[in-house]
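> generate coordinates for the sequence data below:
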Amino acid sequence: FFVSFVDITAVMSCCGGRPCGGYRPEPDATLEHFSSRYPKLGLQKDAWAVAATGLPQFDEYNDGLEVLQEGDTAPFVYTGEHLRACNFPLGGFGCGHVLLCGDGTLKDWTVVNQCRKADGGPWDAPAPLHCMPSNWFAVSATVQGQAKQTYALISPQNYTETTTALPPGQEAHVSQHEVCRLQTIPGIKALTMRCRYPIADVAYDIPGFPVHMSLEAMTPAIPLDSKASCIPVAVFQFSLKNTGSVPVQQNFVGWDGFVDCTRAHTSFWGGNVNTPFQTEAVGGLSMTSTSVASSTPDTYGTIAIAGVAAPGVNVEVISQAANEQDLYAKFQAGALQPTTASPTPPSADGTSYCGAVVQTVTVPAGGSQTVDFYLCWHFPNRSRSRSAPGKPYEKLLPSILGNYYGNLFGNARDVAVSVHRRIEYLRGATRAYVDALYGSTIPPDLLDSAAGRLAVMRSPTMWWTQDGIVMGTEGNGCCPLNCTHVYGYTTLLERLFPDLAMDMAYSNFVRNYDPAHGATMRFGTGSWAIDGALACVIKSYLCVRQGDPELKWLPRVWPNIKAQMELLYNKFDDGTGVI
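I've put the predicted structure just below:
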C-alpha cells in the first residue's frame, strides 16, 4: 500500500518588543472549564482528545504509570515516568537553546539572550519553563482507500497529579496549558527517548498508525570547529517506514524572554508577520515582527522553520493560524499554502500567529524515507544589561555586546540555507563525535555526566560576543563574569574548542590583567583568587598543547603569564618552592 505523509509544523507567539518584566501569567477564562479534568492518579485516558479516525491511543494505559527501577532500560534511554527527567537542549555555543522534552514538545526558550534567573539574586526574573504555546510536531497519514489519521506527536505519559501540581519554573512541571492542549488535540500513546548529547533519538508508539516513525534531533557539535558548533539551529530528521510527520511553531519575535505566553491572547503581542519563502531546496516560514525596531536590545530578531524539498518530497506551509487548535484543524483538512505565498498581514494588537511547515511524501509498501526540518533563530542584539548587569561592567563593556553568530548569518532564514548547504558535514561529524564518545568503555553513568558538560557549556551560561570575546557567568543568570576560581576548575573548553579557551585566557592575561595582582577574578572588576590565578596559567598551557602547536598565540599572553608567576613567587613562596 501507499501512505501519503505530511510533516511537521511549528507555532510561535510574540510579545511585540514591549518589555514585560517577570513571570506574570494572564488569566484566561476559556481555560477554566478544563481545570477539573487534570489527570489525578497516573494517566486518565478518558480526559484526552480522540482522533476522528484511527485506533484509540490510550485504552491500553494502566491505572497509573509503571514504576521503573534503575537498570530497567538501556543506558541513556528514557521511557514511562522517567521521561519527566528529559530536558534535552538544542542550540549552539553562545546561541541559547530550546529543550526537547519528554512529552515530545519544545519548551524553555532561552534564545532571546536571556538567562533562566530563578535563584533569588538581585537580577532575579524567573522565566517559566513552558512559556510558549505551540511548539510541537504532528503527523498525518493516508493509506489508499482508508481515512486520514492525524495526531500531534505529544504523549501525556508524564502528565500526572504530581507533575501538574509542581509550581511553574520547577523541573518536570506540567502546565495547565499542556494538559488542555491534549484535551483538544489528539496525542499519541507513548514515546521513548535515547539521549546522547548532542543527539536525541525519539521513537514514537502510535497504535494503528500505518507508518513507523522515529526522530533524530541535534544541534551540530564538532570538536575543534567552534564556528560549526555555534549555529542557532535545531536539526530534526524524521525517518519514516510507511509513515510521516509535521512541526508546529509560534512566532514569538519581540518576546522579552520572561513573560508566560501560553494564553490565547496577551497584551504583549502584535505586529507579527509570517512570510513563506523558498531558497534553493529550503522552503518554509520566516517569522518577524513589525513592532520591534532593528536597534532594540535582545528582543529584535527573526525565527525560521524550514523543510527540505527533494524528489518525491513536497514542502508547503500554514502561515496564519489563530492558535494551536486552528492550526491542527488546517493541517488535518489539508489547508496548505505554497512556499511562494504572500506574507501574512501584521497580527493585531494582543495576538500573534501560529505557523507550520508541512512536508508531504509518498512511502511505498515496505519502503522508507527521511525528511529534514531546520528550526532557526537569530537575535543578534545581546545587551550588557541582560548578560552582565551591574555598574562595574558599565565602564568596561559596550551597551550592546552582540552575538558572534550575527557575523555569520544575516537572519534566521540565512541560518537555514547555510545549514542545508553543509548538512552532510555538520550532521556526519556530529554523529562521528557521538559514536566515538559513547562507544567508549567508560561506565554509562560517568559517561553521561561527563558528556553532559558540553550541554552546560552551550547553555545560556556562556556566550560569544560580536567582537569575538568569550564570556560566561558562574551559573545560569548568576554571578558575572568569567570568574577565574570557577572556570579554573574545568578544562572542557580547552579540550574541545581551544580557540574559545584562548580568548578567555587572553581576557585573563591581557584585557583584564592587573599588574599589581595578576589575573583578576571577574573580568577586570577587581578581586583576585590564588586558585583562579594559578588555574589561568595551567589552562593557558592546555591551550598551547591543544591548539597552538606553532606557538603563534602564546607570545600574546606569555609576558603576563611570567609576571603572574613572579607575583606568586614573591608573595607566597618562602624559598621552598611550595605555596
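> need the per-residue pLDDT for Ala451.
If you check Ala451, the pLDDT there is 89.
> residues in contact with it?
Ala451 makes contacts with 196-197, 437-438, as judged by Cβ atoms under 8 Å, 6 or more residues apart in numbering. Any C-beta I mention is one placed from the backbone N, CA and C, and that applies to glycine too.
> give me the subset of these lying in strands.
Here DSSP state E is the test, and these give Arg196 as lying in strands.
> all helices of the stretch 201-350 of the chain, in order?
Under the criterion DSSP state H, counting those that start in this stretch, the stretch 201-350 of the chain contains helices at 324-333.
> give me the below-cutoff pLDDT ranges for it.
Counting by pLDDT under 70, the stretch 201-350 of the chain has low-confidence residues at 242-269.
> can you check the stretch 351-500 of the chain too?
Along the stretch 351-500 of the chain, segments meeting pLDDT under 70 span 477.
> and the contacts of Ala451, which is closest to Glu324?
The nearest member of the contacts of Ala451 to Glu324, counting by Cβ to Cβ, is Tyr197 at 29.0 Å.
> can you tell me the closest non-neighbouring residue to the closest one?
Using Cβ to Cβ, 6 or more residues apart in numbering and skipping residues adjacent in sequence, the residue nearest Tyr197 is Ala455, 5.0 Å away.
> surely the one you found is in a helix?
Yes: assigned with DSSP: H, G, I helix; E, B strand; the rest coil, Ala455 falls within a helix.
> quick one: which of the contacts of Ala451 is most hemmed in?
The most crowded member of those, judged by other Cβ atoms under 10 Å, is Tyr197 (22 neighbours).
> and that one, how far from Phe497?
15 Å (Cβ to Cβ, to the nearest Å).
> buried ones in stretch 383-390?
The neighbour-count check on stretch 383-390 (16 or more other Cβ atoms under 10 Å) flags 383-389 as buried.
> filter those down to just the ones in helices.
Cross-referencing the buried residues of stretch 383-390 against helices under DSSP state H gives 384-387.
> what segments of the stretch 1-150 of the chain are strands?
Here the stretch 1-150 of the chain has its strands, by DSSP state E, counting those that start in this stretch, at 2-6, 8-12, 77-78, 87-90, 98-101, 106-107, 136-143, 149-152.
> one more: the stretch 251-400 of the chain?
For the stretch 251-400 of the chain, strands defined by DSSP E, counting those that start in this stretch occupy the ranges 272-279, 282-289, 302-308, 313-321, 337-338, 354-364, 369-378.
> any idea how many residues pack against Asp326?
Using other Cβ under 10 Å, Asp326 has 17 neighbouring residues.
> same question for Val434.
For Val434, using other Cβ under 10 Å, the count is 17.
> counting neighbours, which bits of stretch 342-351 end up buried?
344, 346-347, 351.
> which of these sits closest to Ser294?
Taking the buried residues of stretch 342-351 together and measuring to Ser294 by Cβ to Cβ, the closest member is Pro346, at 15.9 Å.
> for the closest residue to Thr525 other than its chain neighbours, give its distance to Pro559.
By the measure of Cβ to Cβ, 6+ apart, the closest residue to Thr525 outside its immediate chain neighbours is Pro392, 3.9 Å from it. From Pro392 across to Pro559, the span is 26 Å (Cβ to Cβ).
> can you check Ala416 too?
45 Å.
> and these two? which has more neighbours close in?
Applying other Cβ under 10 Å to Ala416 and Pro559 shows that Ala416 carries more neighbours, namely 29 against 12.
> quick check, the more buried one in a helix?
Yes: judged by three-state DSSP, Ala416 forms part of a helix.
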